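Enquirer: Got a predicted structure here, sequence first:
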Amino acid sequence: MATYINEPAHTFNEYLLIPGYSDTNCIPANVSLKTPLVKFKKGEKPAITLNIPMVSAIMQAVSGERLAVELARNGGVSFIYGSQTPEEEAAMVARVKAQKAGFVPSDSNLSPENTLADVLALKAKTGHSTVAITDDGTSGGKLVGIVSSRDYRVSRMDKSEKVKNFMTPLEKLITAKYGITLSEANDIIWDNKINSLPVLFEDGKLYGFVFRKDYDSHQENPNEMLDAQKRFIVGAGINSRDYEERVPKLVDAGADVLCIDSSEGFSEWQKITLNWIHEKYNGKVRVGAGNVVDRDGFLFLAKAGADFVKVGIGGGSICITRETKGIGRGQATALIEVCQARDEYYKETGIYVPVCSDGGIVYDHHITLALAMGADFVMLGRYFARFDESPTQKRTVGGTVVKEYWGEGSNRARNWGRYDLDGSKKLAFEEGVDSYVPYAGPLKENVEKTCAKIKATMCNCGAITIPELQKKAKLTLVSATSIVEGGAHDVIRKEKDGSDR
Ligand code: IMP
């Protein structure tokens, strides 16, 4: 007879945290969001520790090289998508590893049609005197010039003067091509006695700047995830079909950690893949596995040697797996069960296998809930797809600025490695949709705000580290009516900002 679980499986939205006692030490400045990315033995340190508990999803619309660099700069790790050829994926990883700290995305951007008044207002806001002038006024637009304090004299100029009339135009600027190393960039700065060097993609779009004053960008980005050679840490997705060809290329390219990307991880294929990697590399290449949604799935992968285990089936924002196949589980219930199994496994074996909650994070506070339920870090797709650095196009649809976001199980992604069960390299049916998400600006700003919220809630729960939160958290299920009570209600909202969740 089939096994029945008659308790409903719950989602993050059905839980709230109950504040605990917080002493005077519980202030956001004292909170550490450090968390293990890979397994470790009791008393030892994990080989890789994340500085913030966030990794980006193994998806075409999310984890390209630009996002990977920016997320590593801000404390997390990206997993470059595997739904491309092994050569293309390895080349992406290699390009991330070629970037060192010191390349800064432009945070002050205007268009040629803006005015001196706009320049002054922006300078007052950011404190930075170099403003990139791009065709669309964003950090990812085509560079057409630069305005620095040498380009204007406030006392002699009309504040309504257009930027295009006093900027230093592109043809007079010294620029570098994307792919240049930091030391080459620094040489150009010194040789030409300039203060900033714009770095451009092949098509003229702005990648970022290297600043003379920024030799030690680590001071601006204290959370940077760097390897021993000060290169950014980056992960890469693999599958259980072509791993013999793909893994060596990714390892040679410098990938720091791999992850088997599958919608269903409780399978012999994953065990075979893990065995092959561990044998070939003598346990030195770190590789996560998943996805599972229960204790049995977790124990299977932990015993098979997974370095971390991903939890989640059917909860992703673009996912229609539950509709098409009728498999999955409410993310909160799945996570709670898996984390209990992780703790028992740790007690028995002395090996701590981090758990990643993958998919279904809608609001920032869902991240805190996932951590409180025992997750060591979360994987996000929709969240990162909204930012400047994601690989997709920005568009205006019905008056709203959006970015494209599509599932790996959609026809658009053609990710047969993740979804094809019989090796036919075809998708028999779709498990994901093609969609838009509201554009939300630069990654750094958004991640900083999200982390500020996580830290504030942790303080309310009397915890200044993630392990402490996991131990002290008090969680309550909420009724359907109290969910309504939790939002603004019985008032007429003046404005609703869809980007700020
Ligand atoms: P999100 O953060 O809610 O957007 O979910 C992202 C997660 O959804 C990814 O990390 C994958 O685990 C999962 N996912 C990606 N593409 C698909 C798909 O096409 N169908 C089902 N799940 C998907």
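Expert: The structure has been received and is ready for your questions. Numbering: from 1, shown residues only.
Enquirer: What does the pLDDT read for the residue in the stretch 401-501 of the chain that the ligand sits nearest to?
Expert: For the stretch 401-501 of the chain, the residue closest to the ligand is residue 432, as judged by C-beta to the nearest ligand atom, at 1.8 Å. Placement of C-beta: from N, CA and C, glycine included. For residue 432, the model assigns a pLDDT of 90.
Enquirer: what's the nearest residue to it if we skip its chain neighbours?
Expert: residue 407 (1.9 Å; C-beta to C-beta, 6 or more residues apart in numbering).
Enquirer: isn't the residue of the stretch 401-501 of the chain closest to the ligand right up against residue 406?
Expert: Yes. Between residue 432 and residue 406 there is a contact under C-beta atoms under 8 Å: 6.8 Å.
Enquirer: list residues touching both of the two?
Expert: 318, 413 (C-beta atoms under 8 Å, 6 or more residues apart in numbering).
Enquirer: Between those two, point out the one with more neighbours.
Expert: Each of residue 432 and residue 406 has its neighbours counted (other C-beta atoms under 10 Å); residue 432 has more, 26 against 22.
Enquirer: list the contacts for that one?
Expert: Going by C-beta under 8 Å, 6+ apart, residue 432 touches 316, 318, 319, 320, 321, 406, 407, 408, 409, 410, 413.
Enquirer: Can you tell me how far residue 36 is from residue 296?
Expert: Separation of residue 36 from residue 296 (C-beta to C-beta, to the nearest Å): 23 Å.
Enquirer: ah, wrong one, I meant residue 8
Expert: As judged by C-beta to C-beta, residue 8 and residue 296 stand 20 Å apart.
Enquirer: Count residues in the vicinity of the residue of the stretch 251-400 of the chain found nearest the ligand, would you?
Expert: Residue nearest to the ligand within the stretch 251-400 of the chain: residue 316 (2.5 Å; C-beta to the nearest ligand atom). Residues near residue 316, counting by other C-beta under 10 Å, number 29.
Enquirer: Name the nearest residue to it, sequence neighbours excluded.
Expert: Closest to residue 316 by C-beta to C-beta, 6+ apart is residue 359, at 3.6 Å.
Enquirer: Could you export the contacts of residue 432 as a markdown table, including distance to residue 337, pLDDT and secondary structure?
Expert: As requested, the contacts of residue 432 are arranged in a markdown table below (distance: C-beta to C-beta, whole Å; pLDDT from 0 to 100; DSSP: H, G, I helix; E, B strand; the rest coil):
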| residue | distance to residue 337 | pLDDT | secondary structure |
| --- | --- | --- | --- |
| 316 | 19 | 93 | coil |
| 318 | 25 | 90 | coil |
| 319 | 20 | 91 | strand |
| 320 | 24 | 90 | coil |
| 321 | 19 | 89 | helix |
| 406 | 30 | 95 | strand |
| 407 | 25 | 94 | coil |
| 408 | 25 | 93 | coil |
| 409 | 24 | 90 | coil |
| 410 | 29 | 89 | coil |
| 413 | 29 | 87 | coil |
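Enquirer: Filter these down to the buried ones and hand me the ChimeraX line.
Expert: For the buried members of those, the matching ChimeraX selection, counting by 16 or more other C-beta atoms under 10 Å, is:
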select :316,318,319,320,321,406,407,408,409,410,413
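Enquirer: Generate CSV for the contacts of residue 432, with distance to residue 281 as supplementary columns.
Expert: CSV is the format used below for the contacts of residue 432 (distance: C-beta to C-beta, whole Å):
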residue, distance to residue 281
316, 30
318, 33
319, 32
320, 36
321, 32
406, 33
407, 31
408, 26
409, 30
410, 33
413, 28
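Enquirer: hang on, the earlier thing: counting neighbours, go ahead and name the busier of residue 8 and residue 296.
Expert: Comparing residue 8 with residue 296 by other C-beta under 10 Å, the one with more neighbours is residue 296, at 13 against 10.
Enquirer: Give me the phi and psi for the closest residue to that one other than its chain neighbours.
Expert: Counting by C-beta to C-beta, 6+ apart, residue 296 lies nearest to residue 266, which is 6.9 Å off, once chain neighbours are set aside. With angles defined as degrees, to the nearest 10, residue 266 sits at phi -80, psi 70.
Enquirer: can you start the count at 871 instead of 1 from here on
Expert: That works, and once the first residue is 871, the last one we named lands at residue 1136.
Enquirer: is it true that residue 1136 touches residue 1170?
Expert: Yes. Contact criterion C-beta under 8 Å: residue 1136 and residue 1170 qualify, at 5.7 Å.
Enquirer: and stretch 884-898, how far out from the chain's middle?
Expert: Centroid separation for stretch 884-898 versus its chain: 26 Å, with C-alpha atoms, centre = their mean, to the nearest Å.
Enquirer: Go through that stretch and flag the buried ones.
Expert: 884, 885, 886, 887, 892, 896.
Enquirer: Nearest to residue 923 among the residues you listed?
Expert: Using C-beta to C-beta, residue 887 is the member of the buried residues of stretch 884-898 that lies nearest residue 923, at 15.6 Å.
Enquirer: what bridges to the closest one?
Expert: Beta-bridge partners of residue 887, counted by DSSP bridges, are residue 1345.
Enquirer: what does the model give it for pLDDT?
Expert: 98.
Enquirer: For it, give me its contacts.
Expert: Counting by C-beta under 8 Å, 6+ apart, residue 887 has contacts 1238, 1239, 1242, 1327, 1330, 1331, 1343, 1344, 1345, 1346.
Enquirer: Next, see if the one helix or strand the fourth one maps to gets close to the ligand.
Expert: In other words, residue 1327. According to DSSP states H and E, residue 1327 maps onto helix 1313-1330. No. Counting by C-beta under 6 Å from any ligand atom, the ligand is not contacted by helix 1313-1330; separation bottoms out at 13.1 Å.
Enquirer: Check which helices and strands that helix sits against.
Expert: If you count contacts as 3 or more C-beta pairs under 8 Å, 6 or more residues apart in numbering; DSSP states H and E, helix 1313-1330 packs onto helix 935-943, helix 1234-1242.
Enquirer: between the first one and helix 1313-1330, how many degrees?
Expert: Pointing back at helix 935-943 there. Using axes from the mean of the first three to the mean of the last three C-alpha atoms, to 10 degrees, the inter-axis angle of helix 935-943 relative to helix 1313-1330 is 40 degrees.
Enquirer: near the ligand at all, whichever helix or strand comes after helix 935-943?
Expert: Downstream of helix 935-943, the next assigned helix or strand under DSSP H and E is strand 947-950. No. Figure legend: strand 947-950 not in contact with the ligand (C-beta under 6 Å from any ligand atom); closest approach 8.6 Å.
Enquirer: who does strand 947-950 touch, helix- and strand-wise?
Expert: Using 3+ C-beta pairs under 8 Å, 6+ apart as the test, strand 947-950 ends up in contact with strand 924-926, helix 935-943, helix 956-968, strand 1105-1108, strand 1127-1130.
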